[in-house]
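Novice: Quick one: sequence and predicted model below, then my questions.
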Amino acid sequence: MQQQTLQLEGMSCAGCAQRIESVIQGVSGVTKCSVNFALCEATVQYNPSSVSLDKIQQAVENAGYQANVPVQEEEEDESDPALEKLQRKLWLGGAASVLLVVGSLPMMMGISIPGWPHWLHNPWLQWVVSTPVMVWCGRPFFVGAWKALEHKGADMNSLVALGTGSAYFYSLFPTLFPGFFEAQGLSADVYYEAAVVIVTLILWGRMLEHQARSKTSSAIRALIGLQPKTARVIRDGEEQDIPLTEVQVGDRLLVRPGEKIPVDGKVVKGSSTIDESMVTGESVAVDKQPGDEVIGATINQTGSFQMEAMRVGKDTVLAQIIQLVKDAQSSKAPIQKLADRVTSWFVPAVLAIAVITFLTWIVLTGNLTLAMVTTVSVLVIACPCALGLATPTSVMVGTGKGAQQGILIKGAESLQLAHQIQTIVLDKTGTLTEGKPTVTDYITTLGTAHGNELKLLELAASLEKSSEHPLGKAVVDYSKRQGVKKPFSDPEQFKTIPGCGVQGYSSDYLIQLGTRRWMEELGVNLEVKTSQDVLLSEYQDRWESAGKTVIWMAVDGEVEAILAIADALKPSSEAVVKRLQRMGLEVVMLTGDNQHTAEAIASQVGITQIFAQVRPENKADKVRELQQKGKLVAMVGDGINDAPALAQADVGIAIGTGTDVAIAASDITLISGDLQGIITAIQLSHATLNNIRQNLFFAFVYNTASIPIAAGILYPIFGWLLNPMIAGGAMALSSVSVVTNALRLQNFKPH
């Protein structure tokens, strides 16, 4: 299965977006399609063996639109051809509108103004002035309407083309045959100004909308702007500046103070302090030493250092962040389905209302002018653009703002669900704690059969060096600190037993390191004493009551030692847990550790509900149990063993400092690993959904209230009619106001 984003051209309203989506989904081999009206993009999932991308693009073209593969964005181009063309059309339309309105003002006001340039109201002059506007400026509306008609559909172009075309062609008839109207006792009035002003106002609205919508993608542009353009590479002992695109994995790069780090890599020489705030959201600079990883686009603050390039191009953290934000902005929130359902029947309904309006006034009054004015007003004011923009613009700004806060939200659905969470499940290691455990205690048995304490540490370290678990690294680090200098040998037949421990052969000994429960399952005798004549199990109870993890070590089936490992809480853990509880959330801790250790950690942060000694394959089951109680559950974790639970949860939140698998399985990623990001994500979700509701309310109220007024419902009571030109301006402003309201999310700040 392959996914491709296509840049769309020719869309004018939410109805266009729906028709394109329907056309693409109708292509055999396409499994899913989502069209974002605000971004003018289609995200398509398809089977390359069943359908080609060219065929999908051709289907869109047959529907009257264009679908192009986006060009790789290396740098933002300040010029905007589409905007510049709109501005040229607006200048022509604006100039023509002024001339026509000035010429028609006496007729519109029903009075004679002395000294007024009445010659401007000459029908032939107005026809000459208006025709270029209708032909050039209004051409997209008529072309779009015709294409929609060819495909037995209707959209915003249909409404505008019918409205302005009616005014223009109606005016053309009295211009060519004024005698016919005079013979009927009718005034040969023309309405060229209405057609031209409506086209101009809609173009003006599109220009404002275009400018406003471009601001909703400011987060993407800001992220792209973080990328340096060149890198200083060391080749053959010489330094040379090369374009960033030419950097290869394995290249050695030199980074000086004040420069941006070109790509992801690790420090190989020198040290420095790195400002990673633009990627992680963390304001505190991070010290880097040889062996530490650095992130591309972050800023080197102090010393010079050399680094080895490890990830370049699309594989860098920044590139992945940009792609995640783009994917999120292209996705649809569930709440948008309501707007989609409305727009699917809205345009046909408006056309029907326009016909009814025209016939009603003709039958009741016989006044052709009144019928035409109300019909044109209905057609022009009822465009559902605001409905189509209400949700995606808010999602675009919300996800972009999240990225700036160090929170990556994969899709609009996750953004919508986050503030509805009722239960939040927190993994312990690496989530509530630092995930960097340290050996605090080490006791051997009385009269060890396989060497002294250092020899046993060497055997343990030789085995654990092959483990990726943080506890294994703690054992290796502790061994080094205790003076075990001999290079650790590689273990043979190394094997990880999930949820239990590790085993393998070192120096021809079978070494097993793991939980007491596992040792019992292996049949190892645990009733052994230390040199102080104390049972090892007593030490275990004492250490576990202090919140430490205990590892038992067996050599050739005999217990030789136990180690206590503690993992410090993250500084923010206690405050975040209490804040979540004050917000009304049920907070649960889920861990593979034993009950005593889990309770000790939980008591420090104030968690009362604990699931301890849960094997990795059972973590998802615990999440499912909570969901079956009717809870909307979020899971927060960082390890490979958390991935199934993250995927099972309604909202999976991964710690960005964790594994790639966990991040891939999650819906939201906290790049910095700070748990405060959970609260920020919930608050951002709440703010975004409120913004969407405001937009939808405004759009629904606008269309619901404006159509009856445009149809002349107030005319019998107050004698008041909505001028088609005002209708055009109101329609344009409705879309602009929705986008402007969405942009308020850029001011979001967590509290």
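Specialist: Yep, it's here.

Novice: What's the first helix or strand after the helix or strand of the chain at the bottom of the mean pLDDT ranking?
Specialist: With mean pLDDT, DSSP states H and E as the measure, the helix or strand of the chain carrying the lowest mean pLDDT is helix 660-665 (a mean of 61). Per DSSP states H and E, the first helix or strand lying C-terminal to helix 660-665 is strand 668-670.

Novice: Parallel or antiparallel, which strands does that next one pair with?
Specialist: Paired strands of strand 668-670, with direction, are strand 407-409 (antiparallel), strand 651-655 (parallel) (DSSP bridges).

Novice: just the ones you listed: most buried one?
Specialist: Each of the strands paired with strand 668-670 was scored by mean neighbour count; the highest is strand 651-655, a mean of 29, by mean count of other CB atoms under 10 Å. For glycine as for every other residue, the C-beta is placed from the backbone atoms N, C-alpha and C.

Novice: And the helix ranked longest in the chain, what's buried?
Specialist: Looking across the chain with DSSP state H, the single longest helix is helix 676-710. Taking 16 or more other CB atoms under 10 Å as the neighbour-count basis, helix 676-710 is seen to contain the buried residues 676-685, 687-689, 691-692, 694-696, 698-700, 702-703, 706-707, 709-710.

Novice: list the helices and strands that helix packs on?
Specialist: Contact analysis of helix 676-710 by 3 or more CB pairs under 8 Å, 6 or more residues apart in numbering; DSSP states H and E lists helix 336-365, helix 368-381, helix 385-404, strand 407-409, helix 412-417, helix 573-582, strand 668-670, helix 724-743 as its packing neighbours.

Novice: let's see 7 Å
Specialist: Using 3 or more CB pairs under 7 Å, 6 or more residues apart in numbering; DSSP states H and E as the contact criterion, the secondary-structure elements in contact with helix 676-710 are helix 368-381, helix 385-404, strand 407-409, helix 412-417, helix 573-582, helix 724-743.

Novice: what's the closest non-adjacent residue to Ala460?
Specialist: Distance criterion CB to CB, 6 or more residues apart in numbering; nearest residue to Ala460, sequence neighbours excluded, is Val475 at 5.4 Å.

Novice: What pLDDT does the model give the one you found?
Specialist: Looking at Val475, its pLDDT reads 88.

Novice: Secondary structure element holding it?
Specialist: With DSSP H and E as the criterion, Val475 is inside helix 470-481.

Novice: ok so, going back, which SSE is immediately downstream of the longest helix of the chain?
Specialist: helix 715-718.

Novice: contacts for that following helix?
Specialist: With CB atoms under 7 Å, 6 or more residues apart in numbering as the test, helix 715-718 has contacts from Leu721.

Novice: What residues sit buried inside that helix?
Specialist: Tyr715.

Novice: hmm, back to that, the strands paired with strand 668-670 into JSON lines, with extra columns for mean pLDDT and distance to Val101?
Specialist: Formatted as JSON lines, the strands paired with strand 668-670 follow (pLDDT from 0 to 100; distance: least, CB to CB, whole Å):
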{"stretch": "strand 407-409", "mean pLDDT": "85", "distance to Val101": "48"}
{"stretch": "strand 651-655", "mean pLDDT": "88", "distance to Val101": "54"}
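
Novice: Quick check: Ser466 touching Phe494?
Specialist: Yes - the pair formed by Ser466 and Phe494 meets the contact definition of CB atoms under 7 Å, at 4.6 Å.

Novice: how many other residues sit next to Leu368?
Specialist: As a burial measure, the neighbour count of Leu368 was computed by other CB atoms under 10 Å and equals 15.

Novice: same check, this time on Leu92
Specialist: Residues lying near Leu92 (other CB under 10 Å) number 16.

Novice: for Gly270, same thing?
Specialist: 15.

Novice: Phi and psi next, for it.
Specialist: With angles defined as degrees, to the nearest 10, Gly270 shows backbone torsions of phi 90, psi 180.

Novice: excluding its backbone neighbours, what's nearest it?
Specialist: Per CB to CB, 6+ apart, closest to Gly270 is Phe305, 3.2 Å.

Novice: give me the low-pLDDT residue ranges for the stretch 551-700 of the chain?
Specialist: In the predicted model, the stretch 551-700 of the chain carries pLDDT under 70 at residues 639-641, 657-665.

Novice: returning to what we had before: compare the helices and strands packed on helix 676-710 and report which one is nearest to Trp345.
Specialist: Relative to Trp345, the nearest member of the helices and strands packed on helix 676-710 by CB to CB is helix 385-404, separated by 11.8 Å.

Novice: and the angle from the closest one to helix 724-743?
Specialist: For helix 385-404 against helix 724-743, the angle by axes from the mean of the first three to the mean of the last three CA atoms, to 10 degrees is 20 degrees.
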